[in-house]
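Chemist: Sequence and computational prediction follow.
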Amino acid sequence: MSGVLMVCEGNVCRSPMAAAMLAQALPQIAAQSAGTRALAGHGAAPLAVSLMDGRGIDLRGHRSTALTSTQVRAAQLILAMTRAQCRSIESAFPFARGRVYRLGEHQQIDIVDPYRRGRFTFEIAAAQIEQGVQRWLGAIAGLKL
């Protein structure tokens, strides 16, 4: 089991930040990230790297990966950034139903997509992700990994 899988579209902004924040908060949890339309092999967006540097997290080694059946099967919990992504994951991988949720579920929000946008939008996304990760920590810590 891989633990928690964070999913966004390109896997260069939101899901890498979310997985890294979760790994920092709960280092005993295996946190991975992937994208539904990943820019495979690309590094994290420069603004994502910069914002995570400010939180003591290094994203420089991140390389984007496309979401695979293997990853979905292995994850005990899958946290997507939007309601549409949750539906897309469950449609493509029906066996994942019951393990797919929005990272912003507790706040009833979709995490804004900062890709190719300015620092302000990246800061909003990072704050939403941080809040989402904090809200999920209790449930994630209780996973039997």
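Modeler: Right, received. Where do you want to start?
Chemist: mind listing the helices for the chain?
Modeler: Counting by DSSP state H, the segments of the chain that form helices are 14-25, 46-53, 69-74, 83-92, 119-141.
Chemist: Name the residues of the third one that are buried.
Modeler: Using 16 or more other Cβ atoms under 10 Å as the test for burial, helix 69-74 gives Q71, V72. Placement of C-beta: from N, CA and C, glycine included.
Chemist: Which strands or helices does it pack on?
Modeler: Contacts defined by 3 or more Cβ pairs under 8 Å, 6 or more residues apart in numbering; DSSP states H and E place helix 69-74 against strand 3-8.
Chemist: Next, the angle helix 83-92 makes with the strand it packs on.
Modeler: Using axes from the mean of the first three to the mean of the last three Cα atoms, to 10 degrees, the direction of strand 3-8 lies 120 degrees away from that of helix 83-92.
Chemist: Contacts made by strand 3-8 with the rest, please.
Modeler: For strand 3-8, the external contacting residues (Cβ atoms under 8 Å, 6 or more residues apart in numbering) are 14-16, 18-19, 22, 29-36, 67, 71-72, 74-81, 85, 89, 103, 111, 113, 140, 143, 145.
Chemist: that older thread, redo the helices of the chain as TSV? Include distance to A40.
Modeler: Conversion of those to TSV gives the following (distance: least, Cβ to Cβ, whole Å):
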stretch	distance to A40
helix 14-25	13
helix 46-53	17
helix 69-74	13
helix 83-92	17
helix 119-141	21
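Chemist: before we move on, back to that, list only buried entries from the contacts of strand 3-8.
Modeler: Taking 16+ other Cβ under 10 Å as the criterion, what is buried in the contacts of strand 3-8 is 14-16, 18-19, 22, 29-36, 67, 71-72, 75-81, 85, 89, 103, 111, 113, 140.
Chemist: For stretch 118-132, C-alpha coordinates in PDB please.
Modeler: Below are the C-alpha coordinates for stretch 118-132, written out as PDB (Å, rounded to 0.1, in the frame of the first residue of the first chain):
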ATOM      1  CA  GLY A 118       0.900  34.500 -11.000                       C
ATOM      2  CA  ARG A 119       2.300  34.300  -7.600                       C
ATOM      3  CA  PHE A 120      -1.000  35.500  -6.000                       C
ATOM      4  CA  THR A 121      -2.900  32.500  -7.400                       C
ATOM      5  CA  PHE A 122      -0.100  30.100  -6.300                       C
ATOM      6  CA  GLU A 123      -0.300  31.600  -2.800                       C
ATOM      7  CA  ILE A 124      -4.100  31.100  -2.700                       C
ATOM      8  CA  ALA A 125      -3.700  27.500  -3.900                       C
ATOM      9  CA  ALA A 126      -0.900  26.800  -1.400                       C
ATOM     10  CA  ALA A 127      -3.000  28.200   1.500                       C
ATOM     11  CA  GLN A 128      -6.000  26.100   0.400                       C
ATOM     12  CA  ILE A 129      -3.800  23.000   0.100                       C
ATOM     13  CA  GLU A 130      -2.300  23.600   3.500                       C
ATOM     14  CA  GLN A 131      -5.700  24.000   5.100                       C
ATOM     15  CA  GLY A 132      -7.000  20.900   3.300                       C
END
